[in-house]
Structure formats: structure tokens, C-alpha cells
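> prediction below, plus the sequence it came from.
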Amino acid sequence: MDAAGLSNPPLRAGQRFSPLQLALRLGSRCPALFPHQRRYPPGERRHRSLVSLQFGQYCDFSERPYTVAPQNPAGGAVMKSQRLAVGLMIGQAVLFAIETAMIHQIGSRGSAMQLSLLRGGAGVTLVVLLSGATGWSVIKTDQLPLQLLRGLVSALYLWVLIYSFAHMPFADATAISYTQAAYIVGFSALILNERVTTLRWIATAIGTVGALLIIKPAFLDRNVVYVAALLGTSLNGLAFVLNKYLQRPGGDSELTTMFYVNAIAVVCNLPVLATTTLPEPDVWPWLSGVLIFGPVGMYLGIVAVKHASASSLGPYTLLRLVIAITGGIVLFREIPDLLSWLGVVAILSSCLLALAPGSPRAGSIEAPSKRR
């Protein structure tokens, strides 16, 4: 064998070598790794036994073959999933901002429970359309108690939201509702066992301060209603984290979670049919926000947490305020004041900081048992 003139094609993932072949390749490619290797003149032939003895002091020449390991694509896949999740959260923020604007146009002509009932029904319809050939199997779950808890949490938060907006100044109630980002980070550490870095906590705090700068709450009153609203907002953060928990490896699909969330919302708000009538015809054009944009936005958020850690997506729930300000500038030529601009910068900065890596702890949530 002419080792000096040996042609070594590029190594391929999965390629197998005997120990001697591996030693020859290592010696010809990386002679610095073997300082005692004799330098042979060009064209001189080496005896296989000499090569084996020479490399034997550095290599284990057992009969076990060696396989070239493929490059680890995990890092690129994680970044791709993170970008997908961020894109979905931005899409959700846009859709929710449109929905909020349309609900604002409806005003008192439609009750919150009516709108919630319609939104839940539209969400179930969306699941039926997306399930396709899956059919009724989309409702099968091994986590029924958790699915029921997730749906009930959302219904309870809706009622808390209605109560807070009815008994508090609008700006104060809105500001408290945006503290969900902090609850998302906290529940991510407690329930999902995510490793929440100090930088991520700072990002959440910066984003919350930015939301306060935009909304400018007065907080003049300090009564039990504020405490109830603040504690009730934790239900929204809990619902966000439960979306991730239900979709852990071996868990339910995003369509299954979407179905139970909306089905329970329908059941909880059915009594409104006995106490109120349908909205007036002039309201129906604005109901597209509830019937289309709301359910699609919810679905995007459920899919997003499947592709990234929940704590990293918490600040993105504040993007709705940024989009609302942008819409005001473009559509109504409303120029925000300095504090609002600072709030926008703070929210965008928090979203960027939240993307800093925060790997799960070793004892992360385990996958549920496989279905029978």
C-alpha cells in the first residue's frame, strides 16, 4: 500500500472502517496527532505491520469497526423551531389586535359571554375543518382531566376579565391583564421545569414595564377588585403553559387541545342563550373578528408553544400593544407620545432578550404513557 500517495476521499456519515484503515486515515490527515510517526519520503512503501505497530500505541486495534458519526443537526433544528414559534406568535398578535379592534366596534351591543360562545363555536368548527381525514379521533385523549382543567381555566379567566373591566378603570384593567407574561415565565419553571435564566426574567420585566408605559394606568384605587384581577390574570398564564404541557412528547396534538378549549368554552357560556338574544344585524359584520381572527389566532398560539419553550414566548404576548400602536399610526395618523415610544422599544427589546438560550433542566417533564 502506498500510504504517502493514498487517496482519502471525504468521510461520509455512516461510513465504516476497520481500526487499521482508521489509523491510516488519521495519520495521513492529522500527522500532528502522532508526534512519533516516522516521516517517509514520497513514494516509499510502508509495511502494514509497521504502520500497525506505530499507531498501536495511540489506537485501540480491537476487531470492533468504527463508524463515522453524522454531524449533529440539533442546533439548527432548535433555531428553526424557535423562528417558527416566533413567527406564529407574531401572527397571533396581529390577529388578536384585529379581533380586539372589532370587539371594540361592537361595544355594548354584544355581551362578553355571547362573544365567547360564538368564538368557542367557531373554534370547534376550525378544528373540524383542519382535522380532515382524522375525524373523530381528534377528540381522543389520555389526558382528559388536564384537558378539562385547561378549558375551565380559560373560562374562569374570561369571567375574571369581565368582572375586572366592569369594576375598574379601563386602563388599569388592561394593564393588569398584560402581567400574564410574568405568570407564563413563573409557571414555565414550576410546571414545565424549564430553566428560566436571569436574562429571561429581566426580559419579562422590561416588557411589562413597556406595556405600562403604553397603557399608562393610574392605579388610584387600591381595593380587593385589583387583587382579584391580578390573581385572576394568573389563569391566563397558566392556560398558556398548560398548552405546552399537554403537547409534550407523547401527549396530545394541537388540534386536540384546540378542540377541548373551545368545546368547554361553549358549554360554560351556553346559559347566555336563555338570557339574551342574538346580536343585531348591524353587528354581524364586526363579528368576523370573533368568528375568524380570534380562533385562528388561538390556534397559532397553541402550535407556537409546541416549537419553543413557553418562557421564551411570554414577552411576545405583549406584541399586541405594539401592533395596535402601529395600526393607529397607519390608519388614523395617531402619533404616540414619548412614553408610548419608550414602551414600544421596551417590548421589542424584551422579545429579543427572551430568545437567549435557556435549556431545560435534566429533570424535565416526562412523556405520558403511550396510548393502548
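Okay, I see it. Numbers count the residues shown, from 1 in each chain.

> when you work out contacts or count neighbours from here on, use the C-alpha atoms and nothing else.
Fine.

> so for Ala74, what pLDDT did the model give?
Looking at Ala74, its pLDDT reads 58.

> quick one: list the elements packing against the helix or strand in which Ala85 is found.
Here Ala85, judged by DSSP states H and E, is contained in helix 74-106. Helices and strands touching helix 74-106, by 3 or more CA pairs under 8 Å, 6 or more residues apart in numbering; DSSP states H and E, are helix 294-304, helix 310-313, helix 319-332.

> how about a markdown table for those helices, with mean pLDDT, mean neighbour count and distance to Leu199 added?
Output for these, formatted as a markdown table (pLDDT from 0 to 100; neighbours: other CA atoms under 10 Å; distance: least, CA to CA, whole Å):
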| stretch | mean pLDDT | mean neighbour count | distance to Leu199 |
| --- | --- | --- | --- |
| helix 294-304 | 95 | 23 | 21 |
| helix 310-313 | 94 | 29 | 10 |
| helix 319-332 | 90 | 17 | 19 |
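
> can you list those helices in CSV and add distance to Ile103?
Output for these, formatted as CSV (distance: least, CA to CA, whole Å):
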stretch, distance to Ile103
helix 294-304, 10
helix 310-313, 25
helix 319-332, 14
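
> can you tell me which of those helices is nearest to Asn223?
Nearest to Asn223 among the helices and strands packed on helix 74-106 is helix 319-332 (26.5 Å), distances taken as CA to CA.

> who are the packing partners of the helix or strand just after that closest one?
Next helix or strand after helix 319-332 toward the C-terminus (DSSP H and E): helix 338-353. With contacts taken as 3+ CA pairs under 8 Å, 6+ apart, helix 338-353 sits against helix 198-215, helix 319-332.

> can you redo the ones you listed as a markdown table with distance to Tyr260?
Putting those into a markdown table (distance: least, CA to CA, whole Å) gives the following:
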| stretch | distance to Tyr260 |
| --- | --- |
| helix 198-215 | 29 |
| helix 319-332 | 25 |
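
> closest to Ala310 out of those?
Taking the helices and strands packed on helix 338-353 one by one with CA to CA, helix 198-215 is closest: 11.3 Å.

> tell me the angle of whatever helix or strand comes next after that closest one relative to helix 294-304?
Where DSSP H and E defines the elements, the next helix or strand beyond helix 198-215 is helix 224-246. Put simply, helix 224-246 runs at 60 degrees to helix 294-304, going by axes from the mean of the first three to the mean of the last three CA atoms, to 10 degrees.

> who are the packing partners of helix 224-246?
So helix 224-246, by 3+ CA pairs under 8 Å, 6+ apart, packs with helix 144-167, helix 170-177, helix 180-190, helix 294-304, helix 310-313.

> buried ones in it?
Neighbour-count burial for helix 224-246 flags 225-226, 229-246 (criterion: 16 or more other CA atoms under 10 Å).

> and Gly121, helix, strand or coil?
Judged by DSSP: H, G, I helix; E, B strand; the rest coil, the three-state class of Gly121 is helix.

> can you tell me the closest non-neighbouring residue to it?
Excluding the flanking residues, the one nearest Gly121 by CA to CA, 6 or more residues apart in numbering is Val266, at 6.2 Å.

> what strand or helix carries that neighbour?
helix 254-269.

> rounded mean pLDDT for that helix, please.
Helix 254-269 comes out at a mean pLDDT of 94.

> mind listing what's buried in the helix or strand just after it?
Where DSSP H and E defines the elements, the next helix or strand beyond helix 254-269 is helix 272-275. Neighbour counts over helix 272-275 (16+ other CA under 10 Å) mark Val272 as buried.

> other residues contacting helix 272-275?
113-114 (CA atoms under 8 Å, 6 or more residues apart in numbering).

> ok now that helix, how far from the chain's centre?
36 Å (CA atoms, centre = their mean, to the nearest Å).

> got it, and stretch 186-205?
The answer for stretch 186-205 is 13 Å, by CA atoms, centre = their mean.

> what's the answer for stretch 119-138, then?
Here stretch 119-138 is found 22 Å from its chain centre; the criterion is CA atoms, centre = their mean.

> repeat for stretch 309-317
6 Å.

> and for stretch 96-107?
That offset, for stretch 96-107, works out to 25 Å (CA atoms, centre = their mean).

> please apply the same query to stretch 243-261.
Taking mean C-alpha positions (CA atoms, centre = their mean), stretch 243-261 and its chain are 13 Å apart.

> over to stretch 324-343?
Per CA atoms, centre = their mean, the centroid offset for stretch 324-343 relative to its chain is 27 Å.

> what comes into contact with that stretch?
Counting by CA under 8 Å, 6+ apart, 97, 207, 209-215 sit against stretch 324-343.

> try it again with 10 Å
93-94, 96-98, 100-101, 206-216, 319-323, 344-347, 349 (CA atoms under 10 Å, 6 or more residues apart in numbering).

> PyMOL command to pick out the buried ones of those?
The following PyMOL line selects those of the contacts of stretch 324-343 that are buried, judged by 16+ other CA under 10 Å:
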select buried, resi 93+94+96+97+98+100+206+207+208+209+210+211+212+213+214+215+319+320+321+322+323+344+346+347+349
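
> my read: the residue nearest to Gly121 touches Arg119, true?
Yes - with contact defined as CA atoms under 10 Å, Val266 reaches Arg119; the gap is 8.3 Å.
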